[in-house]
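A.B. asks: Sequence and predicted model, in that order:
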Amino acid sequence: MKSVLPLLVLASIATTAHAETGVWQGYRALGVPEAQLAALDFITVDGMRQGGLVDRVIADQRTADRCGVKVDCHCDSLRRRGLRFGAFGTIGHLGDLWTVELTLVDAHGCTVEASELLSESLADAEIASRLAVLARRLSTPQGRVVATATGTERDVDSTPAIVTSFTRQQLKALQIRRLDDLLPFVPGYDVVDANWGSTILNQGLQSTLLFLSNGIPLINAQTHFRSLDRDFRASLPQFDKIEIVRGPGSVLYGQNAFLGVINLISEIPTRREAVVDAGVSTSSLRTEEVWARAGENRGRYAFTAAVDAGRRIGPTTLVDDSPQATLGLSPPVFGNAGETKNAADTWFDTTVRVDLDNRLQLTFQNFTNDSNWELSPFGALLDEGQGGYWKKTHRIYAVAGQHPLYVEDLASVTLQARVSRYEFYSDENFVVQPLWPDGPEPAPGGRDLRLGIRSLQGNPDPRVANQLDVRVVHDLENVVTNRLMGGI
């Protein structure tokens, strides 16, 4: 008994330390009878408790009466109680139109952690179930809700796949702006520096991943994104969440999802107030970046837009001696020593997403990156202004919609459809050997090595992937989900 007792005490202390109490600070209501409002308060408290952010919820309607929608006032009330998380809301009822907005605040930094908005025509009997879902989503930690593995939002613990999720706040705290820096945090993944970019290894294998942008597959059958920066580059400050599914994903997403799926997600805002975020950064290796994001949710419509642009010169390389001629002569002649004169790598990304009445979503995205290199793949130092380059553009157009076919308290059937077009443009200057003015005269019909060796290639007309995806989703209590999916 003496050896067991300390373990029991420690377990009790650990359980207490992780317990969190939240406060439901009530609604400001318009057009809702007091008896119905009391019932909706109870439903909201129960939904918050189910979300998992807090273990228990205290109801305090008086705070909403005093503070209204002033976040600072709600934070002060929480601090006086010694509590961190609290939520409040506004609710209005006119005819058959219900408008509800829930806001979750963190008193530590007095910040809005999450919000949920509903503005729909509903029968009085339907508002309770919809409100329960809103409250549960409000108090579910963002990193615990994933959609990539199953195609619909689910708690990570009930998802039948291994999913790693990174939120915008986590990326900002870790100062991560590139996929090269993010992927080594995922078990089983590694990024290896290579010529013209970085190679992603998944369980030691390359070319086993499918990239998605807001659920839309970026299918490139020719290169399959073998190398980051060369084949694909996306700046992360413009995204709200990165979800990485470890394991096969071809059942949902088709070709290329052999051992994993990486989904870059730009979320539609849930707050009614306009959200504007912008910044400028500079970092090592002569890197500068500027970005801006804006979004708003007005109930019937919502939008998010982002732009990100930057340049990176990178490190210089001192070459003492390099092969001047890599083809046509054996052994090669060495020379052309010196230091690389780096041209700047640049990128420009844009994202626009529009949601209409929670039924129709429109998406446009453009990722453009120009990468330059000053050493040939065989080690030769290339002449200043005569280096190689890769210019790549990825462009996405998509229209998606959903329509409820059957809705009850415990089950629903929803029809989902999406039409998308993915375009890939490339312009490449593949330089193997620098200019060689003192090189040998070419043989009759042979290659003139004095002019260097390079190859211009690419596709000014895009490689295109047109996709139609149709799904019927049956959802029961978010515990058991059955799906019938058809797609072309």
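C.D. replies: Nice, I can see it.

A.B. asks: Which of the three states applies to P187?
C.D. replies: Following DSSP: H, G, I helix; E, B strand; the rest coil, the label given to P187 is coil.

A.B. asks: Surely it is in contact with R246?
C.D. replies: Yes - if you go by C-beta atoms under 8 Å, P187 and R246 touch, sitting 7.5 Å apart. Yep, even glycine has a C-beta here, placed from its N, CA and C like the rest.

A.B. asks: Quick check: phi and psi on R450?
C.D. replies: Per-residue torsions, R450: phi -70, psi -20 (degrees, to the nearest 10).

A.B. asks: Output the lowest mean pLDDT helix or strand found in the chain.
C.D. replies: Least confident helix or strand, the chain: helix 5-18 with a mean of 31, by mean pLDDT, DSSP states H and E.

A.B. asks: And the helix or strand following it, what's buried?
C.D. replies: Where DSSP states H and E defines the elements, the next helix or strand beyond helix 5-18 is strand 21-30. Neighbour counts over strand 21-30 (16 or more other C-beta atoms under 10 Å) mark 22-27, 29 as buried.

A.B. asks: Point out where the stretch 251-400 of the chain drops to low pLDDT.
C.D. replies: Within the stretch 251-400 of the chain, the stretches with pLDDT under 70 are 326-329.

A.B. asks: What are the boundaries of the strands in it?
C.D. replies: 260-265, 275-283, 287-297, 301-312, 318-319, 322-323, 334-335, 338-339, 345-356, 360-373, 388-407 (DSSP state E, counting those that start in this stretch).

A.B. asks: Output these as JSON lines; include the columns distance to T148 and mean neighbour count.
C.D. replies: Formatted as JSON lines, the strands of the stretch 251-400 of the chain follow (distance: least, C-beta to C-beta, whole Å; neighbours: other C-beta atoms under 10 Å):
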{"stretch": "strand 260-265", "distance to T148": "4", "mean neighbour count": "24"}
{"stretch": "strand 275-283", "distance to T148": "24", "mean neighbour count": "12"}
{"stretch": "strand 287-297", "distance to T148": "21", "mean neighbour count": "18"}
{"stretch": "strand 301-312", "distance to T148": "18", "mean neighbour count": "19"}
{"stretch": "strand 318-319", "distance to T148": "44", "mean neighbour count": "12"}
{"stretch": "strand 322-323", "distance to T148": "45", "mean neighbour count": "20"}
{"stretch": "strand 334-335", "distance to T148": "50", "mean neighbour count": "15"}
{"stretch": "strand 338-339", "distance to T148": "44", "mean neighbour count": "12"}
{"stretch": "strand 345-356", "distance to T148": "17", "mean neighbour count": "18"}
{"stretch": "strand 360-373", "distance to T148": "16", "mean neighbour count": "19"}
{"stretch": "strand 388-407", "distance to T148": "15", "mean neighbour count": "16"}
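
A.B. asks: Out of those, the one nearest R80 is which?
C.D. replies: strand 275-283 (28.4 Å; C-beta to C-beta).

A.B. asks: ok, the closest one: who's next to it in the sheet?
C.D. replies: Applying DSSP bridges, strand 275-283 is found paired with strand 287-297 (antiparallel).

A.B. asks: To D106, which of the strands of the stretch 251-400 of the chain lies closest?
C.D. replies: Closest among those, using C-beta to C-beta: strand 275-283, at 16.3 Å.

A.B. asks: ok, and what's touching the closest one?
C.D. replies: Residues outside strand 275-283 that contact it (C-beta atoms under 8 Å, 6 or more residues apart in numbering) are 177, 237, 269, 288-296.

A.B. asks: These: which two are farthest apart?
C.D. replies: E288 and E296 (28.8 Å).

A.B. asks: and this protein, what are its domains?
C.D. replies: Domain segmentation of the chain under automatic domain parsing yields 5-140, 145-265, 275-487.

A.B. asks: if you count what's nearby, which of P187 and R246 comes out ahead?
C.D. replies: Ranked by neighbour count (other C-beta atoms under 10 Å), P187 and R246 place R246 first, with 20 against 10.

A.B. asks: before we move on, back to that, overlap in contacts, P187 and R246.
C.D. replies: Common neighbours of P187 and R246 (C-beta under 8 Å, 6+ apart) are T164.

A.B. asks: about what we covered before: mind putting the buried residues of strand 21-30 in a markdown table, pLDDT and distance to I242 included?
C.D. replies: Formatted as a markdown table, the buried residues of strand 21-30 follow (pLDDT from 0 to 100; distance: C-beta to C-beta, whole Å):
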| residue | pLDDT | distance to I242 |
| --- | --- | --- |
| G22 | 86 | 27 |
| V23 | 88 | 32 |
| W24 | 89 | 32 |
| Q25 | 87 | 33 |
| G26 | 86 | 36 |
| Y27 | 89 | 35 |
| A29 | 88 | 38 |
